[in-house]
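Undergrad: sequence plus predicted model, see below.
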Amino acid sequence: MSLRWEYEALGFAEKRKSRLPWRSRARPGIFDKKSGARLQLTEEEEAALKPLVGRMSNGRTPSEVAIAFDLMADALYNRRLGYGFEWDRLAKRNTSEWDAWLNGRLRPLRW
């Protein structure tokens, strides 16, 4: 399922560069397909997205995970614009809370 946001993990060359102390700023990011904006994630943002990113696979991501990732990425984008309320609420969720939300709330969307 293709939605607005796309997660961009570090490639092999970027991981190799990040081992060097003076090039350790390489971080994964998210890409907005609508506006073309690319956001590099901070450590705390990466940790908050980790429960969803772990469920994503190339080409076979379940629709509920893609929707939840878009929700998180929109909240992150709005946080960068100064509207951090939604991000603060979503970033506090752990893996079990995401499981409950994905299984319970998005079940009617399956067809």
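TA: The structure has been received and is ready for your questions.

Undergrad: next SSE downstream of the lowest-mean-pLDDT helix or strand in the chain?
TA: Averaged element by element with mean pLDDT, DSSP states H and E, the chain has its least confident helix or strand at helix 12-18 (a mean of 59). Using DSSP states H and E, the helix or strand that follows helix 12-18 in sequence is strand 29-32.

Undergrad: can you pull out the helices in this protein?
TA: In the chain, the helices defined using DSSP state H lie at 12-18, 43-53, 63-80, 85-91, 95-104.

Undergrad: how about JSON lines for these, with mean neighbour count added?
TA: Just so you know, the C-beta spots here come from the backbone N, C-alpha and C atoms, and that holds for glycine as well. Output for those, formatted as JSON lines (neighbours: other Cβ atoms under 10 Å):
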{"stretch": "helix 12-18", "mean neighbour count": "12"}
{"stretch": "helix 43-53", "mean neighbour count": "16"}
{"stretch": "helix 63-80", "mean neighbour count": "18"}
{"stretch": "helix 85-91", "mean neighbour count": "15"}
{"stretch": "helix 95-104", "mean neighbour count": "13"}
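
Undergrad: against Y77, how distant is the residue most central in space within the chain?
TA: Per Cα atoms, centre = their mean, the C-alpha nearest to the average position across the chain is that of L49, at 4.5 Å. For L49, the distance to Y77 equals 12 Å [Cβ to Cβ, to the nearest Å].

Undergrad: one more: A9?
TA: Distance, A9 to Y77, by Cβ to Cβ: 19 Å.

Undergrad: give me the pLDDT for L106.
TA: Looking at L106, its pLDDT stands at 56.

Undergrad: and D74, by the same measure?
TA: On the pLDDT scale, D74 gets 93.

Undergrad: and what of A68?
TA: Model confidence at A68, expressed as pLDDT, equals 88.

Undergrad: show me the contacts for it.
TA: By Cβ atoms under 8 Å, 6 or more residues apart in numbering, the contact set of A68 is 52, 98, 101-102, 106.

Undergrad: of the residues you listed, just say which sits nearest to G82.
TA: Nearest to G82 among the contacts of A68: L52, at 23.5 Å, using Cβ to Cβ.
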